[in-house]
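S.K.: Mind looking at a prediction? Sequence and model below.
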Amino acid sequence: MPERSLEAKAAAESRLVLHQLMLPEHANAHGNVHGGVILRMVDEAGAICAMRHTRRPCVTIAVDSMTFRQPVHLGELLICTAQVSWVGRSSIEVSIDLHSENPITGAISHTNSAYVVYVALGKDGRPEAATPLLLATDEDRARFAAGAERQARRIAQR
Ligand SMILES: CC(C)(COP(=O)(O)OP(=O)(O)OC[C@H]1O[C@@H](n2cnc3c(N)ncnc32)[C@H](O)[C@@H]1OP(=O)(O)O)[C@@H](O)C(=O)NCCC(=O)NCCS
């Protein structure tokens, strides 16, 4: 694994947006997009974001509850936006927002939001210090404080 600096890094550096066209292979028995497809995309986007942030392999340790408020339809684009919201020592919380877009009409709906926590691993496969998150604005600091509270609740419920 390459050496890396532990200098704090802005969330914007690892933020990513994945787009995927929903096709028949993504359908459930009702003809809409299968929830598992959405969960997989959430976890993939979150893992890529965490690894880009810390430049280390990252594994999923916790997925907060997710609510499916409305169906995603075949033929729509599923758009997954992932951004690091909090970093502990080895743990990294990623905030993920999902939207569906009708590529013909341009109509966009917010479908889900999720928080997923990843752990950065060292060469020995054990948790290793993650790159700290740079907090440059009040918004960054507020997002980080909210993430710290969520993480404290997760640890208390463990
Ligand atoms: C990730 C793993 C190596 C961590 O090992 P561990 O012995 O539990 O490590 P620790 O207890 O030191 O916890 C590591 C970090 O996870 C955090 N953590 C532990 N349980 C957690 C939970 N339920 N929710 C959120 N964070 C949690 C700890 O607070 C710690 O964070 P910190 O370093 O920022 O303080 C181990 O749990 C594992 O291999 N899990 C399976 C991962 C996996 O297969 N994921 C699915 C496929 S990617």
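M.R.: Thanks, I have it. The model shown is predicted, which means the values in this text are computed figures rather than measured ones.
S.K.: Please enumerate the strands of the protein.
M.R.: 16-21, 58-63, 77-87, 91-101, 108-120 (DSSP state E).
S.K.: buried residues in stretch 134-144?
M.R.: For stretch 134-144, the neighbour count (16 or more other CB atoms under 10 Å) marks 134, 135, 140, 143, 144 as buried. For the C-beta atoms, the positions are set from N, CA and C on the backbone; glycine is no exception.
S.K.: wait, which of the residues you listed is closest to the ligand?
M.R.: residue 144 (13.2 Å; CB to the nearest ligand atom).
S.K.: The closest one reaches residue 84, doesn't it?
M.R.: No - taking CB atoms under 8 Å as the definition, residue 144 is not a contact partner of residue 84, at 9.5 Å.
S.K.: and for these two, which residues touch both?
M.R.: residue 133 (CB atoms under 8 Å, 6 or more residues apart in numbering).
S.K.: if we can go back for a sec, hmm, which two among the buried residues of stretch 134-144 are most spread apart?
M.R.: The span of those, defined through CB to CB, is set by 134 and 143 at 12.0 Å.
S.K.: interface residues of the protein facing the ligand?
M.R.: 59-62, 88-91, 117, 119, 127, 154-155, 158 (CB under 6 Å from any ligand atom).
S.K.: now these as CSV including distance to residue 6, neighbour count and pLDDT?
M.R.: CSV is the format used below for these (distance: CB to CB, whole Å; neighbours: other CB atoms under 10 Å; pLDDT from 0 to 100):
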residue, distance to residue 6, neighbour count, pLDDT
59, 20, 12, 98
60, 22, 14, 98
61, 20, 14, 98
62, 23, 17, 98
88, 14, 19, 98
89, 11, 11, 98
90, 12, 19, 98
91, 15, 21, 98
117, 19, 22, 98
119, 16, 22, 98
127, 14, 17, 98
154, 24, 16, 97
155, 23, 11, 97
158, 26, 6, 90
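S.K.: Dump the residues you listed to JSON lines, plus distance to residue 111.
M.R.: JSON lines is the format used below for the residues of the chain next to the ligand (distance: CB to CB, whole Å):
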{"residue": "59", "distance to residue 111": "26"}
{"residue": "60", "distance to residue 111": "20"}
{"residue": "61", "distance to residue 111": "24"}
{"residue": "62", "distance to residue 111": "21"}
{"residue": "88", "distance to residue 111": "28"}
{"residue": "89", "distance to residue 111": "33"}
{"residue": "90", "distance to residue 111": "31"}
{"residue": "91", "distance to residue 111": "26"}
{"residue": "117", "distance to residue 111": "21"}
{"residue": "119", "distance to residue 111": "27"}
{"residue": "127", "distance to residue 111": "32"}
{"residue": "154", "distance to residue 111": "23"}
{"residue": "155", "distance to residue 111": "29"}
{"residue": "158", "distance to residue 111": "29"}
